[in-house]
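**Student:** build me a model:
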Amino acid sequence: MTPFQILAISGLTVVVILTIRAVARKKISPAAGVFWLALWIGGAIAIGWPAITVEVARALGIARGADLVSYLSILAMLVGFFLLNLRIRRMESQITAIVRELALNEPQTGAAREKKS
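**Tutor:** Sure thing, here's the model as predicted:
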């Protein structure tokens, strides 16, 4: 095993432990925890045994394992950006609804009161 593999797998082991702790402390949902654990463990397997990525890539009709990893990374980033965009849009609409409700329920604020005086 190369020094990079040892270092990377050690780092991923720490991240796996942190992810398990985050799920246990309810900082992330169990579904998100399973997703992240699968990602970390998959990364550790790909780093520890790179020949596996070559075999999987060839089974899928891709020439090299590195290409497979690149394609999967790009797809994962696109899905992540899409989900983040959806979340931001949902939060913006929630904030708009809250501000609208506050504006309709508050009779007058400071600037409007000063004009009347």
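**Student:** for the helix or strand where Leu7 lies, the averaged confidence score.
**Tutor:** Element membership of Leu7 [criterion: DSSP states H and E] is helix 3-24. Average pLDDT, helix 3-24: 96.
**Student:** which residues are contacting it?
**Tutor:** With C-beta atoms under 8 Å, 6 or more residues apart in numbering as the test, helix 3-24 has contacts from 28-30, 32-33, 36-37, 40-41, 43-44, 47-48. (Each C-beta comes from the backbone N, C-alpha and C, glycine too.)
**Student:** let's check: the centremost residue of the chain is which one?
**Tutor:** Gly80 (6.1 Å; C-alpha atoms, centre = their mean).
**Student:** per-residue pLDDT, it?
**Tutor:** For Gly80, the predicted pLDDT is 91.
**Student:** helix or strand for it, which one?
**Tutor:** Using DSSP H and E, Gly80 sits within helix 65-105.
**Student:** point out where the protein drops to low pLDDT.
**Tutor:** In the predicted model, the chain carries pLDDT under 70 at residues 108-117.
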